[in-house]
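Engineer: I would like the atomic coordinates for the input below:
(one chain, ligands or ions: 1)
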Amino acid sequence: MSRYAELIFEGKKYILPVVEGTEKELGLDISKLRDETGLITLDAGFKNTGSNTSAITFLDGELGILRYRGYAIEELAEKSTFLEVAHLLIYGELPNKATLSNFQKDITMHTLVHEDMRKIFDGFPASSHPMGVLASLVCALTAFYPNALDPNLSPAETDLHIIRLLAKMPTLAAWAYKNEMGHPLNYPKNSLSYCENFLQMMFAYPTEDFHPDPVVVDALDKLLILHADHEQNCSAATVRVVGSSHASLYSAIAAGINALWGPLHGGANQEVIEMLQEIHANGGNVKKYVEMAKDKNSTFRLMGFGHRVYKNYDPRAKIIKGACDNVLNKLGVSDPLLDIAKELEEAALKDSYFVERKLYPNVDFYSGVIYRAMGIPTEMFTVMFALGRLPGWIAQWREMRQMKLPISRPRQIYTGATLRPYVPMGNREK
Ligand code: ACO
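Structural biologist: Purely as a prediction, here's the structure:
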C-alpha cells in the first residue's frame, strides 16, 4: 500500500488505503471502516462520497473538463455523431466503420414499439407530462420483453435489450408529445437517421412531406452528444442503485428518467425557459431577478446556474452557448429570451454572490433556447435530455453489472425515539 491515511479513534490508529484514479483523483477506501471501528461515514447528498470506480466519464469540475472514455467533449461534439458516442460510452471504444454501420442498422430495425403499447397511451390524459409518460412506458417495456427480468442474460441477449432501448426511446418520446397534442401518432421511418426520424415522428403531418432542416438535425445530434453522460449524477446514481438489486435494465432506466425529471436536475431546462419567459413578461428587469436569487428569504434560484461538481464554467454550456447563436442565425430566428439569458449571465458573473460560490451557467442554461428555435415545446425539454442521457445510463448500468458490484444499501445514524412500550389506543392520553 503506497499511500494511505491514518484515522485515530478512541486512541487506536486505523489505516485507510488511498485509491488513485488514472487522472490522479484520490479517494479514501473506507470499505472496512465499520468492521474495524464500528463507525460509518455521514455525507448527506453524497457530496464527498465515491460510490464506485468507473472508466466511462472523467470530469474535473474545478477546471471545467469533461471527457467520455478519454475523448474531450469539445472534440466529440464537433466531429462525432450521437450513435457513435453511444457506442463509445456503452462499449468503451469508438466503433470501426462496419461496427458502427451494424449498430445503426440494428437500432433502425427496432424502432417500432408493440402495437399493444398504443392502448397504454390511450389511458393517459392529454394533460400528462411527457416525462411521466416516458418513464411509465419504458418500464412497461419489461412486460413486452419479459426475459429482461432474468439477471443472468447472455451478453448477446443484454445487447438486444440495449438496442431496443436506444431504438424505441425516440418513438416513445415523440408519441408522448403526440399524445399530449391529441395528434395521430407517427410511425418511425427506416430510411431516416436517428435524429431525422425523431423529428419526423414529432413534427410530420400525415398529409404533408416532411424534410427536417439539416441545421436542426445537426444541432439535435450535438445536443444529444453533450448530454450523453455525466458520471455519477443523480439519475446515473439512481440507475446504478436500482440496477444493483438486479431489477431489469428497463426498470433501472425508467428510474433514471424519474430522477432526471426533478427541477434540480434535468427538469431545470424547462424551468430556465419558464424563468426567462417570466423575466421577459415582467419587462426584462434582469437585476431584480439576480437580487431575488441572492435573497435567502426567497425560494427563487437562478435556474440553469450552479452545479454540484462544476466550480467553473460548465464546458457543455460553453459549446451550447456558441451553438445557440449559430443555430438561431441559420434558422433566421431571433429570440428575446436569448438576449435575456446573456444579460442574466453577464450580471450574475459580475456579482460577488455568484463569484464567491463559483456559480456558473450549467448545461441547461442555453439548451432550452436552441430547443425552442427547433420548435420543441418546453415540456419536452427534459425528455430531450433523457434521450441524450440514455447511452450514459446504459453504460453506467452495464459497467455496474459487469463489475458485479454488490446491492446498494447505505447506512444511517438513527435519531428517532428509543425503545418505548406500546400503549393500547384507549389508554393513550393524546
Ligand atoms: N441560484 C442562487 N443561489 C444558488 C444557486 C442558484 N441557481 N445554486 C446554488 N446557489 C447557492 C445556494 O443557495 C448555496 O448558498 P449558501 O452557501 O449561501 O447556502 C450555495 O450556492 C451552494 O448551493 P447548494 O444548493 O448547496 O449546492 P448543491 O451542490 O447542493 O446544488 C444545484 C447544486 C442543485 C445544481 C444548485 O446549484 C441549483 O439548485 N441550481 C439551480 C437548478 C439547476 O440549474 N439544476 C441543473 C443542474 S445541471 C444538471 O443536473 C443537468
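
Engineer: show the pLDDT at Met1.
Structural biologist: Per-residue pLDDT puts Met1 at 69.

Engineer: make 368 the starting number, not 1.
Structural biologist: Sounds good: first residue 368 from here, last item Met368.

Engineer: now do the helices in the stretch 418-567 of the chain.
Structural biologist: Along the stretch 418-567 of the chain, the segments classed as helices by DSSP state H, counting those that start in this stretch run 440-446, 449-458, 464-475, 483-490, 497-511, 522-548, 561-570.

Engineer: now the second one against helix 561-570, angle please.
Structural biologist: Read that as helix 449-458. Per axes from the mean of the first three to the mean of the last three Cα atoms, to 10 degrees, the angle that helix 449-458 makes with helix 561-570 is 110 degrees.

Engineer: between helix 449-458 and helix 522-548, how big is the angle?
Structural biologist: 130 degrees.

Engineer: the third one too?
Structural biologist: With the same axes, to 10 degrees as the basis, helix 464-475 and helix 522-548 are set at 50 degrees to each other.

Engineer: ditto for the last one
Structural biologist: Interaxial angle of helix 561-570 relative to helix 522-548 (the same axes, to 10 degrees): 30 degrees.

Engineer: cool, and the fourth one?
Structural biologist: Relative orientation of helix 483-490 versus helix 522-548 (the same axes, to 10 degrees): 30 degrees.

Engineer: how about the residues of this protein that lie near the ligand?
Structural biologist: Residues of the chain that fall close to the ligand, judged by Cβ under 6 Å from any ligand atom: 412, 631-633, 635, 660, 668-675, 724, 726, 729-731. In this view, the C-beta of every residue, glycine as well, is placed from N, C-alpha and C.

Engineer: include mean neighbour count and mean pLDDT when you put the helices of the stretch 418-567 of the chain into CSV, please.
Structural biologist: Shown next, in CSV, are the helices of the stretch 418-567 of the chain (neighbours: other Cβ atoms under 10 Å; pLDDT from 0 to 100):
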stretch, mean neighbour count, mean pLDDT
helix 440-446, 17, 97
helix 449-458, 23, 98
helix 464-475, 14, 98
helix 483-490, 12, 91
helix 497-511, 21, 97
helix 522-548, 20, 96
helix 561-570, 22, 96
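
Engineer: nearest to Thr420, of those helices?
Structural biologist: Ranking those by proximity to Thr420 (Cβ to Cβ) places helix 449-458 first, at 16.4 Å.

Engineer: any chance you could map the strands in this protein?
Structural biologist: Ranges of strands within the chain are 371-376, 379-387, 393-395, 424-427, 432-435, 438-439, based on DSSP state E.

Engineer: in stretch 567-586, which residues are buried?
Structural biologist: Residues of stretch 567-586 classed as buried: Gln567, Met568, Met569, Phe570, Ala571, Phe577, Pro579, Val582, Val583, Val584, Asp585, Ala586 (neighbour count, 16 or more other Cβ atoms under 10 Å).

Engineer: ok, the last one touching Ala690?
Structural biologist: Yes. Ala586 lies in contact with Ala690 (Cβ atoms under 8 Å); the separation is 6.2 Å.

Engineer: list the residues that are in contact with both of the two.
Structural biologist: Shared contacts of Ala586 and Ala690 (Cβ atoms under 8 Å, 6 or more residues apart in numbering): Ile737.

Engineer: so what's the closest residue to the ligand within the stretch 418-567 of the chain closest to, chain neighbours aside?
Structural biologist: Shortest the stretch 418-567 of the chain-to-the ligand distance, computed as Cβ to the nearest ligand atom: residue-wise this is Gly428, at 10.1 Å. Spatial nearest neighbour of Gly428, excluding adjacent residues (Cβ to Cβ, 6 or more residues apart in numbering): Val676 at 3.7 Å.

Engineer: thought that neighbour was touching Leu426?
Structural biologist: Yes. Counting by Cβ under 8 Å, Val676 touches Leu426, with 6.4 Å between them.

Engineer: list the contacts for whatever residue of the stretch 618-767 of the chain ends up closest to the ligand?
Structural biologist: Per Cβ to the nearest ligand atom, Gly673 is where the stretch 618-767 of the chain lies closest to the ligand, at 2.4 Å. Contact partners of Gly673, counting by Cβ under 8 Å, 6+ apart, are Arg724, Leu726, Tyr727, Asn729.

Engineer: now, of those residues, which are buried?
Structural biologist: Leu726, Tyr727, Asn729.

Engineer: still on that earlier bit, Pro513: which of the buried residues of stretch 567-586 is nearest?
Structural biologist: Relative to Pro513, the closest of those is Met568; by Cβ to Cβ it sits at 26.2 Å.
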